[in-house]
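K.L.:
just need the structure, nothing else, for what follows:
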Amino acid sequence: MVRPLQEPVVGPQGELSTDHLLLVQTLPDAPLDPNGLGARVSTSVTFTNTGTTALHYTWAKRAQQQASTPDAHSTPQRFHLADRHGVVLPGSSRAFAFSFVAHELGIFTEPWDLTTQPALPGGVVYAPCLKT
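P.N.:
Predicted structure coming up:
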């Protein structure tokens, strides 16, 4: 689908392709273990700079309140993103590939924040939620 050309917004402006990412892990043909644990799945989200200013970005996993159990601090990292810092030039897009590795069976969610410098109008922070 071809989108009509639009005039860029003067100053910082950006769009994220989605605010939710769903990663589905199915049992592989030759699993690493009988439950398919340890297999990596990936999906991506695209950020487009629709303004006239270069945007320096930072991705960060949102801090969540931890349960007060002894195991709360030993939770393994399930979601991964290699490209956490950089620049998107005006009129350019960048795809960010999130991956997930299961260490145990279950359904998991994890919110991430995308902030830019200069800040987007209204102080917008993109916060996609990753789910498996």
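
K.L.:
for this structure, give me the ranges with low pLDDT.
P.N.:
Judged against pLDDT under 70, the low-scoring parts of the chain cover residues 1-6, 8, 23-39, 64-76, 124, 130-132.

K.L.:
mind listing the strands for it?
P.N.:
Using DSSP state E, the strands of the chain run over 14-16, 20-22, 40-49, 55-61, 79-81, 85-88, 93-101, 109-117, 129-131.

K.L.:
dump the ones you listed to TSV, plus distance to E7.
P.N.:
Just so you know, the C-beta spots here come from the backbone N, C-alpha and C atoms, and that holds for glycine as well. Output for those, formatted as TSV (distance: least, Cβ to Cβ, whole Å):
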stretch	distance to E7
strand 14-16	15
strand 20-22	29
strand 40-49	14
strand 55-61	18
strand 79-81	32
strand 85-88	18
strand 93-101	17
strand 109-117	20
strand 129-131	32
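
K.L.:
and G123, which of these is closest to it?
P.N.:
Nearest to G123 among those is strand 109-117 (9.3 Å), distances taken as Cβ to Cβ.

K.L.:
for the closest one, buried residues please.
P.N.:
Within strand 109-117, the residues that qualify as buried by neighbour count (16 or more other Cβ atoms under 10 Å) are 110, 112, 114-116.

K.L.:
please produce CSV containing the residues you listed, extended by distance to G123.
P.N.:
Formatted as CSV, those follow (distance: Cβ to Cβ, whole Å):
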residue, distance to G123
E110, 23
W112, 17
L114, 13
T115, 9
T116, 10
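
K.L.:
please name the nearest non-neighbouring residue to P111.
P.N.:
R62 (4.2 Å; Cβ to Cβ, 6 or more residues apart in numbering).
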